[in-house]
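**Student:** I would like to see how this sequence folds:
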Amino acid sequence: MEKIQPSSCEFIDPVCLMTVDPKRSSHQYDYKAHKYHFCAESCQKTFESNPEKYLSHKSPKRKGLWGRYLDRLNKATGGQSMKCH
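**Tutor:** As a prediction, this is how the structure comes out:
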């Protein structure tokens, strides 16, 4: 079976994080000299209302019980490692 490789002209929708092929989607928005592509008009309008919310780089949330525990621990300690006595 042959693997399908994403083309180099695909972009990531900053709102829903879907892969967008600009040849198939006409939804785009210029912000601070950068062109952003969107999968749908609703994502584009959401981005236009508050672009900085979607451009701030946050680490993705971890899944599962252990991932949520580590996220809470990281938030509680401010990202610092725990100190031993």
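**Student:** quick one, grab the pLDDT at the nearest residue to residue 35 once chain neighbours are set aside.
**Tutor:** Nearest non-adjacent residue to residue 35, counting by CB to CB, 6 or more residues apart in numbering: residue 28, 5.7 Å away. Glycine gets a C-beta too; all of them are placed from N, C-alpha and C. We note a pLDDT of 91 for residue 28 in this prediction.
**Student:** wait, residue 28 sits on residue 40?
**Tutor:** No. In this structure, residue 28 is not within contact of residue 40 by CB atoms under 8 Å, at 11.9 Å.
**Student:** joint contacts of the two?
**Tutor:** Shared contacts of residue 28 and residue 40 (CB atoms under 8 Å, 6 or more residues apart in numbering): none.
**Student:** how about the CA coordinates for the longest helix along the chain, as PDB?
**Tutor:** Under DSSP state H, the helix in the chain containing the largest number of residues is helix 64-77. Taking Å, rounded to 0.1, in the frame of the first residue of the first chain, the C-alpha atoms of helix 64-77 are listed here in PDB:
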ATOM      1  CA  GLY A  64      -5.900  10.700  29.100                       C
ATOM      2  CA  LEU A  65      -5.800  10.700  32.900                       C
ATOM      3  CA  TRP A  66      -2.000  10.900  33.100                       C
ATOM      4  CA  GLY A  67      -1.800  13.700  30.600                       C
ATOM      5  CA  ARG A  68      -4.400  15.800  32.500                       C
ATOM      6  CA  TYR A  69      -2.500  15.200  35.700                       C
ATOM      7  CA  LEU A  70       0.800  16.400  34.100                       C
ATOM      8  CA  ASP A  71      -1.000  19.500  32.700                       C
ATOM      9  CA  ARG A  72      -2.400  20.400  36.200                       C
ATOM     10  CA  LEU A  73       1.000  19.700  37.800                       C
ATOM     11  CA  ASN A  74       2.800  21.900  35.300                       C
ATOM     12  CA  LYS A  75       0.200  24.700  35.800                       C
ATOM     13  CA  ALA A  76       0.500  24.400  39.600                       C
ATOM     14  CA  THR A  77       4.300  24.500  39.700                       C
END
